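Student: Structure for this input, please:
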Amino acid sequence: MSCSFTVQKTANPKPKPDPNTLKFGQTFTDHMFLMEYADGAGWHDGRIVPYAPIPLDPAAAVLHYGQEMFEGLKAYRAPDGRVLLFRPYKNAERARNSNARMCMPDFDPELFVGAIKALVDIERGWIPEKEGTSLYIRPFMFADEPFLGVHAARHYKFVIICSPVGPYYDSPGGGLVPTSIFVEREYVRAAAGGTGFAKVGGNYAGSLKAQAAAAERGCEQVLWLDAIERRYVEEIGTSNAFFVIDGEVVTAPLQGTILPGVTRDSVINLLKKWNTPVSERRITIDEVFAAGKDGRLDEVFATGTAAVISPVGRLVSAGETLNIGAGGIGALAQRLYDALYGIQTGKLPDELSWTLAV
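Tutor: Numbers count the residues shown, from 1 in each chain. Predicted coordinates:
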C-alpha cells in the first residue's frame, strides 16, 4: 500500500545532545507520528507533528484496563551515510500478534513500516554517529476511548516517538559489558495462555518488584523461571536467554510465554549459518548450575533490541553464586555482537537482507 502522511515541522527545534553523554531513553527528537483508529473508519489521519504531550480523557480505556502494546527497534547511520533499519517487518509481525492478543485493531505491515520510515526520514539529523549509539524507535498503540466497563475499545491511537541513545548498559567505548543476573523463584513473568508472547506494558510493570529485589542483591537483571514448576528457564529481564553448554547453544522455545525477540531470531539464524549447534528446548535452572559446576557451561548471554547482546558473568540464586567463565565476555557473545552490530550499521555485508534503507 502507498503511505503518505501530512507533515507539520516544529517551529522550535531542540539542540542535539552530546553523543558522548547519551543515556538510554531520556532524550526525544523534535517530531512524532500520530494516527487514529475508529470502528467503521479504520486507520486514518496519519501525520507527523511536533513532539508534544498527548491529550487524554481521564476515562480513557488504557488507563483503566491496560489495552495497549508497544514495539522497539533502531535506526543506524552507516559509514556511507545511509540510514538503516534492522528487520522492521519482524516488529510489524510481532505488533500484529500483540494487537490480536489484546483485542486491538490489525494494520497493514506496510503502514507500520511506512510510518516508521517517514518519521525517521524527518529525524535523520538526530541519528548519532558515535560507536555504540543509535536512534531508538518506539511505536506504540493504546485505547483512548473514554468509558468505564470491561470491553474492547472502539477508538485507538498509534504513535511513534524516537530517542537518540547510547549503550543500554554503561560500558567504556559502547561495547559489551558482563552483567550479574538474579534467579527469581517467587515471582513469575508469564504463564501459558497469558500475554507472555505479546509486547505489552503489563508484562513489564509486573516485573518491577522482582527487578528491585535483584538490584538489592547487586544484580542488573532477573532470570525468570516457568510459572508452574519454577524450574525451567524462560527469559532474562526483558530479553531472551541463551546458554552455551558442551558446545551447544540452548534457548527456551516459543510456547506462548516467551517474547519472540527479533534479535533472538537473528542470533539463531546466524548460528545456523555458522554451523554452530543451536536448539530451542526447555532447560532447567538446575541443569544450568550443574553444567557450570562441571565446567561445561561456556557462556550465558541475553539478546534484545536495546543491548543487542548482553553477556552474563554471574548467576545469583538462593544461597549460591555461579561465576560463568572468567566473569568476562565470551567468544561467541562477542562474535554475535560484532556480526549483528556490523550488519545493523552497514559495516558488514548484509547477506541475509535484514536491513532496510530509509
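
Student: In this protein, which residue is most central in space?
Tutor: Thr305 (4.3 Å; CA atoms, centre = their mean).

Student: how close does it sit to Met141?
Tutor: Per CB to CB, to the nearest Å, Thr305 is found 18 Å from Met141. Using the backbone N, CA and C atoms, a C-beta is placed for each residue, glycine as well.

Student: Same question for Pro260.
Tutor: Taken as CB to CB, the span from Pro260 to Met141 is 18 Å.

Student: Which one's more surrounded, those two?
Tutor: With neighbours defined as other CB atoms under 10 Å, Pro260 and Met141 compare such that Met141 has more, 26 against 15.

Student: That one touches Glu68, doesn't it?
Tutor: Yes: at 6.4 Å, Met141 counts as touching Glu68 under the criterion of CB atoms under 8 Å.

Student: tell me, what's touching these two both at once?
Tutor: Contact criterion CB atoms under 8 Å, 6 or more residues apart in numbering; residues shared by Met141 and Glu68: Met104.

Student: element containing Ser219, please.
Tutor: Wrong residue type there; residue 219 is Cys, not Ser. Using DSSP states H and E, Cys219 falls within no helix or strand.

Student: if I pick it, what's in contact with it?
Tutor: Applying CB under 8 Å, 6+ apart to Cys219 gives the contacts Thr179, Ser180, Ile181, Phe182, Arg314, Val316.

Student: before we move on, what about Ala59?
Tutor: Pro146, Phe147, Leu148.

Student: what does Ser207 give?
Tutor: Tyr187, Arg189, Val222, Gly237, Thr238.

Student: where do the helices sit along the stretch 151-300 of the chain?
Tutor: Applying DSSP state H, counting those that start in this stretch to the stretch 151-300 of the chain gives helices spanning 201-205, 208-216, 262-273, 285-293.

Student: Of those, which is nearest Tyr168?
Tutor: With CB to CB as the criterion, Tyr168 lies closest to helix 262-273 of the helices of the stretch 151-300 of the chain, at 11.9 Å.

Student: Now tell me what touches that closest one from outside.
Tutor: By CB under 8 Å, 6+ apart, helix 262-273 touches 73, 86-87, 90-91, 94, 239-240, 242, 249, 251, 277-278, 280, 303-305, 308-309, 336, 339-340, 352, 354.

Student: 7 Å instead, please
Tutor: Residues outside helix 262-273 that contact it (CB atoms under 7 Å, 6 or more residues apart in numbering): 87, 90-91, 240, 242, 249, 251, 278, 303-305, 308, 336, 339-340, 352, 354.

Student: pLDDT below threshold where in the stretch 151-300 of the chain?
Tutor: Scanning the stretch 151-300 of the chain for pLDDT under 70 picks out the ranges 170-175.

Student: now do 80
Tutor: Where the stretch 151-300 of the chain drops to pLDDT under 80, the residues are 168-175.

Student: Would you map the strands across it?
Tutor: Per DSSP state E, counting those that start in this stretch, the stretch 151-300 of the chain carries strands over the ranges 155-165, 179-183, 221-225, 233-236, 239-245, 248-251, 278-280, 297-304.

Student: Can you lay out those as JSON lines showing distance to Ala215 and mean neighbour count?
Tutor: As requested, these are exported to JSON lines (distance: least, CB to CB, whole Å; neighbours: other CB atoms under 10 Å):
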{"stretch": "strand 155-165", "distance to Ala215": "21", "mean neighbour count": "21"}
{"stretch": "strand 179-183", "distance to Ala215": "9", "mean neighbour count": "22"}
{"stretch": "strand 221-225", "distance to Ala215": "9", "mean neighbour count": "25"}
{"stretch": "strand 233-236", "distance to Ala215": "15", "mean neighbour count": "24"}
{"stretch": "strand 239-245", "distance to Ala215": "16", "mean neighbour count": "23"}
{"stretch": "strand 248-251", "distance to Ala215": "25", "mean neighbour count": "20"}
{"stretch": "strand 278-280", "distance to Ala215": "30", "mean neighbour count": "15"}
{"stretch": "strand 297-304", "distance to Ala215": "17", "mean neighbour count": "24"}
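
Student: Could you dump these into TSV with distance to Pro79 added?
Tutor: Putting these into TSV (distance: least, CB to CB, whole Å) gives the following:
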stretch	distance to Pro79
strand 155-165	18
strand 179-183	29
strand 221-225	32
strand 233-236	32
strand 239-245	28
strand 248-251	30
strand 278-280	30
strand 297-304	25
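
Student: of the ones you listed, which approaches Asp30 most closely?
Tutor: It is, among the strands of the stretch 151-300 of the chain and with distance given as CB to CB, strand 155-165, at 9.1 Å.
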